[in-house]
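Enquirer: sequence unknown, structure follows:
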């Protein structure tokens with residue numbers, strides 16, 4: 001007479017070993033850095049406007065693609081992160097206007113350029129490059145952090161799960177500004193205005209600036225305060241301020257819509273990636289175990305084992321299903337960035353102008369229109385070699 005019990009016990013032990021996950025040791029990153037804020041009221045001449053450029057999307061490696069990091073997701077992140085950094089900077093006083101910029105422009109005194117190197121629910125690696133209108137590099141620095149599951153249950157309302165990274169970037173910018181004298185702050189503001197003027201009309205405003213070999217820009221002299229051409233440039237610049245503010249309303253809405261699915265996507269990504277290798281083995285082993293259980297059930301004429309085998313197989317197929325739902329939501333948001341947004345209809349000096357395209361295309365067309373308006377008002381010839389921003 002054959003005894004089956006030891007064989008069945010051995011089979012169940014094998015199944016347990018096949019389907020169990022490996023434990024991972026994780027060192028949690030401290031998230032204690034808070035935003036530093038100005039404690040005294042600054043005069044307007046001391047306030048610098050900040051432009052946060054849309055983050056560079058960086059190169060997506062083959063390994064990242066295999067981990068569900070797609071171009072659509074990265075494109076969405078580039079806008080989400082830029083706006084979230086803007087919001088973080090706004091929590092500290094001591095700045096003028098802080099705007100997300102679709103492209104570099106000297107409507108800002110300080111420009112923040114950031115590149116996404118790695119971004120997922122487990123790790124964030126950014127590189128930030130901060131400079132001012134004089135060409136002075138404030139700093140270039142990489143910021144990184146790793147998360148554990150518990151971090152996703154301790155997010156304050158409105159904060160990002162990587163909020164401490166944004167805080168560190170904002171604090172580094174603030175600390176550098178604190179080192180500047182009033183004279184340096186005024187110089188930066190004057191340089192911004194003149195560089196903007198030169199981007200609209202190189203002749204005559206380029207003559208007020210001197211470019212050094214190292215990329216530094218100095219003000220040779222200032223135009224008269226009531227210079228009529230400078231007054232026109234200031235009006236053009238104010239129009240760009242207003243247009244960019246409208247664009248920022250779009251980015252604010254995008255950030256709001258993306259916040260929840262993006263947080264969930266990263267959370268489920270972490271849950272998956274923490275066990276990525278184990279899950280792959282588990283999925284395969286679960287199916288193998290299911291096949292083994294089913295086979296034994298059939299051989300032993302045990303219907304219960306056949307049912308258990310089917311359930312194990314289903315579990316193997318269901319792993320990661322929740323993560324894929326949020327993956328699809330983020331990819332859809334990213335894909336939407338390629339489509340045209342609602343046209344902007346503007347009244348320019350009694351003339352109705354409709355600007356179409358994506359939000360970034362509309363900004364580019366608007367800047368070209370501003371230059372055209374200025375040239376028409378002044379009667380100056382179009383300089384085809386003039387860049388959008390110099």
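Expert: Great, that's in hand. The structure displayed is predicted, hence computed values, not measured ones. Residues are numbered from 1 along each chain as shown.
Enquirer: which ones are touching residue 81?
Expert: Taking CB atoms under 8 Å, 6 or more residues apart in numbering, we find residue 81 in contact with 55, 114, 116, 119, 126. C-betas here are computed from N, CA, C, even on glycine.
Enquirer: kindly recompute the last result at 6 Å.
Expert: Contacts of residue 81 were listed using CB atoms under 6 Å, 6 or more residues apart in numbering, and they are residue 55.
Enquirer: helix, strand or coil for it?
Expert: helix (DSSP: H, G, I helix; E, B strand; the rest coil).
Enquirer: what is the mean pLDDT for the helix or strand harbouring residue 257?
Expert: Per DSSP states H and E: residue 257 is located in helix 228-273. Averaging pLDDT along helix 228-273 gives 88.
Enquirer: residue 159 should be in a helix, yeah?
Expert: No - read with three-state DSSP, residue 159 is coil and lies in no helix.
Enquirer: distance of it relative to residue 368?
Expert: To residue 368, residue 159 is 38 Å away according to CB to CB, to the nearest Å.
Enquirer: start and end of stretch 144-151, how far apart?
Expert: End-to-end distance for stretch 144-151, by CA to CA, to the nearest Å: 15 Å.
Enquirer: I should have written stretch 149-163 there, sorry.
Expert: This stretch, stretch 149-163, spans 15 Å end to end (CA to CA).
Enquirer: who's in contact with it?
Expert: Contact partners of stretch 149-163, identified using CB under 6 Å, 6+ apart, comprise 84, 124, 145, 267.
Enquirer: for it, buried residues please.
Expert: Buried residues in stretch 149-163, counted by 16 or more other CB atoms under 10 Å: 151-152, 159-163.
Enquirer: so can I have TSV of the residues you listed showing distance to residue 89 and pLDDT?
Expert: Formatted as TSV, the buried residues of stretch 149-163 follow (distance: CB to CB, whole Å; pLDDT from 0 to 100):
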residue	distance to residue 89	pLDDT
151	22	89
152	24	87
159	14	88
160	13	94
161	19	94
162	15	95
163	13	95
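Enquirer: quick check, nearest of those residues to residue 249?
Expert: Nearest to residue 249 out of those is residue 160 (CB to CB; 20.1 Å).
Enquirer: just the ones in helices from the contacts of stretch 149-163, please.
Expert: Judged by DSSP state H, those include 84, 267 as members of helices.
Enquirer: give me the buried entries from the contacts of stretch 149-163.
Expert: 84, 124, 145, 267.
Enquirer: for the residues you listed, which one is nearest residue 98?
Expert: Closest approach to residue 98 among the buried ones among the contacts of stretch 149-163 (CB to CB): residue 84, at 12.0 Å.
Enquirer: grab the nearest non-local neighbour of that closest one.
Expert: residue 160 (5.5 Å; CB to CB, 6 or more residues apart in numbering).
Enquirer: how close does that neighbour sit to residue 83?
Expert: Going from residue 160 to residue 83 by CB to CB gives 11 Å.
Enquirer: go on, residue 71?
Expert: 19 Å.
Enquirer: who has more neighbours, those two?
Expert: A count of neighbours by other CB atoms under 10 Å puts residue 83 above the other of residue 71 and residue 83, at 23 against 13.
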